[in-house]
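In: Kindly generate the corresponding structure for this input.
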Amino acid sequence: MDANATPMTERTIPDRFAGKTIIVTGAGSGIGKATALRLAREGARVIASDIHADRIDQLVHDHPDLDLIPVAGDASDQAAVDRMVAAGNGTIHGLVNNAGIMDDFLPVAEVTDEMWSRVMRVNVESVLRLTRAVVPIMLAQGAGAIVNVASVAGLGGSFAGVAYTASKHAMIGITRNTAFMYGPGGIRTNAVAPGGVATAIDATFGSQHALDRLGPIFQALMPRTAQSEELASDITYLLSDDASNINGAVLASDGGLTAM
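Out: Okay, the predicted model is just below:
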């Protein structure tokens, strides 16, 4: 893809999510923020969660015309999950598992127990806990849509460190298993796999070995950096009735990176 390609122009669809209540984690910045705003502009009541309370409070303050419900907390913490679900007042139509962290690109010989545990807790346990919490509600409704924000790192081994790579493979596994298990109950579960996106996530190299291996690949092959709004468009599509026949899919939204 041309590195100077013009990003998309957002075109919202009024009332596409009217009457729908949707949880978005990591809604204080980046993909989560763009998704929360896109959904709310299209009529959804959005439960916007983030570990940084000031970010979602600011989000609500800046958009008083939108139906945004801030719920601060760590998405991997059961108490925070309970608060998010309770904010739905018994109804949850959609879930976007977006909260996540990187791993300093540490390969297996260098990753610490602390880094491994932290990445797995944030990137995997949060998906497990929230999905487990909303599925019974969606089954009772007879419908629901879940979108997990994975990564191209979940499709290969040359995009991140070992912890992040393993966590995103795990997220894709959760996506496909949930899609299979609960599709007959009216629940669609899909994932998006972004490449490089302009977000607040820390993606610094903490390993010279990883930099030596991955640096030349990134410099030679990486397409342009996507904007968060482009991923929000993909996510809202997968949540919408327009994607009614899509279940268990992993959409690589990476500018053609995985086609190389």
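
In: contacts, neighbours, all on C-alpha from now
Out: Noted.

In: can you pull the buried residues of stretch 132-140?
Out: Neighbour-count burial for stretch 132-140, with 16 or more other Cα atoms under 10 Å as criterion, is recorded at 133-135, 137-139.

In: report the longest helix in this protein, please.
Out: helix 162-182 (DSSP state H).

In: So which elements touch that one?
Out: When contacts are defined as 3 or more Cα pairs under 8 Å, 6 or more residues apart in numbering; DSSP states H and E, helix 162-182 sits against helix 113-120, strand 144-149, strand 187-194.

In: So what's the gap between the first one and the chain middle?
Out: What it means is helix 113-120. Offset of helix 113-120 from its chain centre (Cα atoms, centre = their mean, to the nearest Å): 19 Å.

In: C-terminal to that helix, which secondary structure element comes first?
Out: helix 126-141 (DSSP states H and E).

In: how many neighbours does Asn190 have?
Out: Neighbour count for Asn190, taken as other Cα atoms under 10 Å: 27.

In: So what pairs up with it in the strands?
Out: Judged by DSSP bridges, the bridge partners of Asn190 are Val147.

In: got the contact list for it?
Out: 146-148, 175-176, 179, 238, 246-251 (Cα atoms under 8 Å, 6 or more residues apart in numbering).

In: Quick check on the residues you listed: which are buried?
Out: Buried members of the contacts of Asn190, scored by 16+ other Cα under 10 Å, are 146-148, 175-176, 179, 238, 247-251.

In: Take those and write them to a markdown table, including distance to Ile187 and pLDDT.
Out: A markdown table is the format used below for those (distance: Cα to Cα, whole Å; pLDDT from 0 to 100):
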| residue | distance to Ile187 | pLDDT |
| --- | --- | --- |
| Ile146 | 8 | 98 |
| Val147 | 11 | 98 |
| Asn148 | 13 | 98 |
| Thr175 | 11 | 98 |
| Arg176 | 12 | 98 |
| Ala179 | 7 | 98 |
| Leu238 | 12 | 98 |
| Asn247 | 8 | 98 |
| Gly248 | 10 | 98 |
| Ala249 | 13 | 98 |
| Val250 | 16 | 98 |
| Leu251 | 18 | 96 |
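
In: ok, so of those, who is nearest Thr112?
Out: If you rank these by distance to Thr112 using Cα to Cα, Asn148 comes first, at 26.0 Å.

In: can I assume that closest one is in contact with Asn98?
Out: Yes. Taking contacts as Cα atoms under 8 Å, Asn148 lies within contact range of Asn98: 6.3 Å.

In: re earlier: and of the helices and strands packed on helix 162-182, who's closest to His61?
Out: That would be strand 144-149 among the helices and strands packed on helix 162-182, by Cα to Cα, at 25.8 Å.

In: Could you name the helices and strands sitting against the closest one?
Out: strand 94-97, helix 126-141, helix 162-182, strand 187-194, helix 228-239.

In: one step back: how about the helices and strands packed on helix 162-182 in JSON lines, adding distance to His169?
Out: What follows is the helices and strands packed on helix 162-182, written out as JSON lines (distance: least, Cα to Cα, whole Å):
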{"stretch": "helix 113-120", "distance to His169": "11"}
{"stretch": "strand 144-149", "distance to His169": "11"}
{"stretch": "strand 187-194", "distance to His169": "10"}
